[in-house]
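Peer 1: got a predicted structure plus its sequence, pasted below:
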Amino acid sequence: LKVDYTTRNMKGVFGVLLAALVSLAGAAKTYDNHSVLRIVPHTESDVILLREELPVAVPTSWWREPSYPEVYVDAHFSPENLARAQSLLDSAGLEYSTLIEDVQQTIDASYTAPAKLFTASNDVDFDYSKYHSLEEITEWMNTLAKDYPDLVSLVDVGTSFEGRTITAVKFTGKSAGSNETKPGLWLDGGIHSREWVSPATNVYVLGHLLADYGSDEETTKLIDGLEWWILPVFNVDGYSYTWADDGDRMWRKTRSTTSSKICSGVDPNRNWDMHWGEAGTSKNPCADDYQGKSAFSEIEVKSVASYLQSQKNINGYVNFHSYSQLWMSPWGYTSDLPPTDDYNAQNDVSAAAVEAIAAVHGTKFDYGPISKTIYPASGSSADWTYGVCDILFSYGVELRDTGKYGFLLPEDQIIPSGEEILPAVKVLAHAVLEAGVPDRK
């Protein structure tokens, strides 16, 4: 199947327009009686109808975009547009079911505000089983630097469009030799701001790696042998907006200004300078997958890319997302595979990682190249880190679940997500350690 994804200049716009207008009015956007439908296209014509015709006829927000026949699609509709969407699907003979009957109820049920927020100065322990604001996560990272002074330092990667600091935690152990002789591993999350379980899982992994150092032999070996970076929240402005009193829990993009007077933000995982603006992106500033006016137009993306490129020892990279339970390797921009040796090495780690995930709670992840496993997506982080930065073990990972809650995973699944991802991260860390420092200039 070959679908031209670059022609969608006027699709997926209406929901974002409404969000922009609500934001201008100073109130949080709500989703009472909004629904998410799961649709199964059986033919290439079905895929094209969903991708090209449905969003023009009915305002549609994709939770999982159309890609290939027999691969499910998740679409979000407002109550005033649901009947029209169902009528169109019925007339086309497309199979569908309701995943979420009321998005706002699912939002409300997914998160419980704590009685007292975490700060470095109060007596509240940081709770891994809760979602946390950017301010709380930043406070917690500051405590890590104080609690583990021999291991941890904080890295100011850059400053966002709205002036927030993009902070990563860097850590390594006490083994002999300079850090330049150690291979490096980078993990990040929250590039799409509505995917709250991504930062939460990164936080869990980071906290437990540090807590186990010195007591767990495997963890100690991996921290001693590698230089680590974990950036819990990549898209700091977008993530903050999902928490704001006048924000939008379903916001995906950055918060930069665009050529549109009413639509802001760029998809930061379509803005990397690797086949930018090709398959799986939009030129429409109001679309959720808007590619931006140019590659690296987003200061957040450019800052992280510049930092990654400056660290010559990094040979492992994971960009965590939700949802769909997928562990994916390059390429996203094309269905072609990387060179055989590279692909085999990447795929072997993917297979071992999903096996490690399943061994914890029985959660099944699929794996394979991005374009074949989920959908074509150009200008993505994993394509750039592998294709430009030469980081062999580059991945995009979609965390829990497979659609029952989608982006609104309840808090009671945060710790299980962290528990199953931690051993998969260790699988990757062993591969990076064994491969050694890459030979790059």
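Peer 2: Great, that's in hand. As the structure is a prediction and not an experimental result, all values here were calculated from the model.

Peer 1: not including adjacent chain positions, what is the nearest residue to Pro114?
Peer 2: Spatial nearest neighbour of Pro114, excluding adjacent residues (Cβ to Cβ, 6 or more residues apart in numbering): Lys130 at 6.1 Å. In this view, the C-beta of every residue, glycine as well, is placed from N, C-alpha and C.

Peer 1: and that neighbour, helix, strand or coil?
Peer 2: Three-state call for Lys130 (DSSP: H, G, I helix; E, B strand; the rest coil): coil.

Peer 1: could I get the pLDDT score of it?
Peer 2: Predicted confidence (pLDDT) for Lys130: 96.

Peer 1: burial check on it, number of neighbours?
Peer 2: Around Lys130 there are 16 other residues, counting by other Cβ atoms under 10 Å.

Peer 1: now do the contacts for it.
Peer 2: Shown here is Lys130, whose contacts under the criterion Cβ atoms under 8 Å, 6 or more residues apart in numbering are 112, 114, 411, 414.

Peer 1: ok, now how distant is the second one from Ser133?
Peer 2: Meaning Pro114. 10 Å (Cβ to Cβ, to the nearest Å).

Peer 1: in this structure Asn142 contacts Phe118, no?
Peer 2: No - because the distance of 10.9 Å does not satisfy Cβ atoms under 8 Å, Asn142 is recorded as not touching Phe118.

Peer 1: ok, the two, which is more surrounded?
Peer 2: Applying other Cβ under 10 Å to Asn142 and Phe118 shows that Phe118 carries more neighbours, namely 19 against 14.

Peer 1: show the contacting residues for the more buried one.
Peer 2: Taking Cβ under 8 Å, 6+ apart, we find Phe118 in contact with 124-127, 132, 136, 139-140.

Peer 1: neighbour-wise, give me the winner out of the residues you listed.
Peer 2: His132 (23 neighbours).

Peer 1: any idea how far Val354 is from it?
Peer 2: 27 Å.

Peer 1: likewise Gly247?
Peer 2: For Gly247, the distance to Val354 - Cβ to Cβ - is 34 Å.

Peer 1: just the helices in the stretch 301-441 of the chain please.
Peer 2: Counting by DSSP state H, counting those that start in this stretch, residue ranges of the helices within the stretch 301-441 of the chain are 340-361, 370-373, 381-387, 414-435.

Peer 1: and Thr219, which of the three is it?
Peer 2: In terms of secondary structure, Thr219 is helix; the call rests on three-state DSSP.

Peer 1: comparing Pro114 and Ser133, which shows the higher neighbour count?
Peer 2: Looking at Pro114 and Ser133 with other Cβ under 10 Å, you find the greater number of neighbours at Ser133, namely 16 against 13.

Peer 1: residue contacts, that one?
Peer 2: Neighbouring residues of Ser133 by Cβ under 8 Å, 6+ apart: 117, 240, 243.

Peer 1: what about it, distance to Ala83?
Peer 2: 37 Å.

Peer 1: repeat for Leu49
Peer 2: Leu49 is 18 Å from Ala83, where distance means Cβ to Cβ.

Peer 1: okay, these two: which has more neighbours?
Peer 2: Residue environment comparison for Leu49 versus Ala83 gives the larger neighbour count to Leu49, 18 against 11, counting by other Cβ under 10 Å.

Peer 1: please report phi then psi for the more buried one.
Peer 2: The phi and psi torsions at Leu49 (degrees, to the nearest 10) take the values phi -60, psi -50.

Peer 1: for this structure, which residues score under the pLDDT cut-off?
Peer 2: Under the criterion of pLDDT under 70, the regions of the chain flagged as low confidence span 1-26, 123, 176-180, 441.

Peer 1: residues contacting the residue most central in space within it?
Peer 2: Nearest to the mean C-alpha position of the chain, counting by Cα atoms, centre = their mean, stands His321 at 2.6 Å. Contact criterion Cβ under 8 Å, 6+ apart gives 189, 191-192, 195, 198, 269, 396-399 as the residues in contact with His321.

Peer 1: tell me, how many residues neighbour the residue lying closest to it once chain neighbours are set aside?
Peer 2: Counting by Cβ to Cβ, 6+ apart, His321 lies nearest to Glu398, which is 5.0 Å off, once chain neighbours are set aside. By other Cβ under 10 Å, the residues close to Glu398 number 23.

Peer 1: what bridges to Glu398?
Peer 2: Taking DSSP bridges, one obtains His321, Leu326 as the residues bridged to Glu398.

Peer 1: isn't it up against Ile370?
Peer 2: No - using Cβ under 8 Å, Glu398 is not in contact with Ile370, being 9.9 Å away.

Peer 1: list residues touching both of the two?
Peer 2: Between them, Glu398 and Ile370 share these contacting residues under Cβ under 8 Å, 6+ apart: Met328.

Peer 1: tell me, how many neighbours does the spatially closest residue to Gln413 that is not a sequence neighbour end up with?
Peer 2: In this structure, Gln413 finds its nearest non-sequential neighbour in Arg400, 5.8 Å apart by Cβ to Cβ, 6+ apart. Neighbour count for Arg400, taken as other Cβ under 10 Å: 23.

Peer 1: same question for Thr242.
Peer 2: The criterion is other Cβ under 10 Å. On that basis, Thr242 has 23 neighbouring residues.

Peer 1: next: Ala109.
Peer 2: 13.

Peer 1: so who does it touch?
Peer 2: For Ala109, the contact set (Cβ under 8 Å, 6+ apart) comprises Pro410.

Peer 1: before we move on, which element is it in?
Peer 2: With elements delineated by DSSP states H and E, Ala109 resides in helix 103-110, which encompasses its position.

Peer 1: give the contact list for the residue lying closest to Tyr31 once chain neighbours are set aside.
Peer 2: Distance criterion Cβ to Cβ, 6+ apart; nearest residue to Tyr31, sequence neighbours excluded, is Val103 at 3.8 Å. For Val103, the contacting residues are 31, 34-36, 76, 250, 408, taking Cβ under 8 Å, 6+ apart as the criterion.
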